[in-house]
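> Take a look and give me a structure for this.
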Amino acid sequence: MEVSIVKVTVGRWGNNLAVRLPGEIVDAIKLRDGEQVEIEAHDGEVTIRRMRQRASLEDLFLGKSADEWRANYAGAFDWGAGIGREIIPQ
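Down below sits the predicted model:
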């Protein structure tokens, strides 16, 4: 894992402070214009990292039909015996 350290100056952007990411950092991590990043502050340190892509519900279930998913997970949950007026298919 290659580590790049570059000194930059914090500047004002409206009412906020900003840091410009140098080209060599952008190239090293293949960051694109418009891509979102997370900024974390902890114990006086600031970490900027690429946001993880979140899969949509459609992406998570892609490739199998509803019947296939039901068959795969038919015994995954045991809620126990019914104790009220639940409708439990047998």
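> just checking, next helix/strand downstream of the helix or strand bottoming out on mean pLDDT in the chain?
Of the helices and strands making up the chain, the lowest-confidence element is helix 57-61, at a mean of 82, by mean pLDDT, DSSP states H and E. Of the helices and strands lying after helix 57-61 in sequence (DSSP states H and E), the nearest is helix 66-72.
> one step back: pull the CA atoms of the least confident helix or strand of the chain into CSV?
Output for helix 57-61, consisting of C-alpha atoms alone and laid out as CSV, is shown next (Å, rounded to 0.1, in the frame of the first residue of the first chain):
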residue,chain,number,x,y,z
LEU,A,57,-32.5,-3.4,-2.6
GLU,A,58,-32.9,-4.4,-6.3
ASP,A,59,-29.1,-5.0,-6.5
LEU,A,60,-29.1,-7.2,-3.3
PHE,A,61,-31.8,-9.4,-4.7
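> how far does that helix sit from the chain's center?
Chain-centre distance of helix 57-61: 15 Å, with C-alpha atoms, centre = their mean, to the nearest Å.
> now swap in stretch 45-63 and tell me
Stretch 45-63 has its average C-alpha position 3 Å from the chain's average C-alpha position, going by C-alpha atoms, centre = their mean.
> Just the buried residues of it, please?
Residues of stretch 45-63 classed as buried: none (neighbour count, 16 or more other C-beta atoms under 10 Å). Any C-beta I mention is one placed from the backbone N, CA and C, and that applies to glycine too.
> Could you list the residues in contact with it?
The contact list for stretch 45-63, computed with C-beta atoms under 8 Å, 6 or more residues apart in numbering, reads Ile29, Leu31, Glu35, Gln36, Val37, Glu38, Ile39, Glu40, Ala41, Trp69.
> Can you get me a residue count around the residue nearest to Val10 when sequence neighbours are not counted?
With C-beta to C-beta, 6 or more residues apart in numbering as the criterion, Val10 has its nearest non-adjacent residue at 5.1 Å, and that residue is Leu17. The burial metric for Leu17, expressed as a neighbour count using other C-beta atoms under 10 Å, is 9.
> pLDDT weak spots in this protein?
Within the chain, the stretches with pLDDT under 70 are 1-2, 88-90.
> mind redoing it with 50?
Judged by pLDDT under 50, the chain has no weakly predicted residues.
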